[in-house]
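J.: no sequence on this one, just coordinates:
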């Protein structure tokens, strides 16, 4: 991947930081499984599985911690 899609972890607001955390999570999945077709097929399984949805929420939370630290929100 040669395009720069993440120029900074700095955001103007915590909400923008949370949106960035979601994007980081989605990009991680996309880079791990580059096939749109395979991701679409897998989505049908995890969208009905509460444990997998909670795991996805955890990954987003970890990314949000990273963004919050980069923005010095915990001073």
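T.: It's in. Quick caveat: nothing in here was measured; it's all calculated off a predicted structure.
J.: contacts only, for residue 63.
T.: Residue 63 sits next to 20-22, 24-25 when contact means Cβ atoms under 8 Å, 6 or more residues apart in numbering. For every residue, glycine as well, the C-beta is placed using N, CA and C.
J.: with respect to residue 70, which of those residues is nearest?
T.: The closest of those to residue 70 turns out to be residue 20 (Cβ to Cβ; 9.5 Å).
J.: against residue 60, how distant is residue 71?
T.: Distance check for residue 71 against residue 60: by Cβ to Cβ, to the nearest Å, it reads 16 Å.
J.: excluding residues flanking it in the chain, which one is nearest residue 39?
T.: Counting by Cβ to Cβ, 6 or more residues apart in numbering, residue 33 is the residue found nearest to residue 39 once chain neighbours are left out, at 5.4 Å.
J.: just name the shakiest helix or strand of the chain by mean pLDDT.
T.: Scoring the helices and strands of the chain by mean pLDDT, DSSP states H and E places helix 36-46 at the bottom, with a mean of 94.
J.: quick one: the strands in the protein, in order.
T.: Using DSSP state E, no strands are found in the chain.
J.: low-confidence stretches in it?
T.: For the chain, the stretches flagged by pLDDT under 70 are 1.
J.: how much space separates the most centrally placed residue in it from residue 42?
T.: Of all residues in the chain, the one closest to the mean position by Cα atoms, centre = their mean is residue 25, 1.9 Å from it. Noted for residue 25: a distance of 15 Å to residue 42, by Cβ to Cβ.
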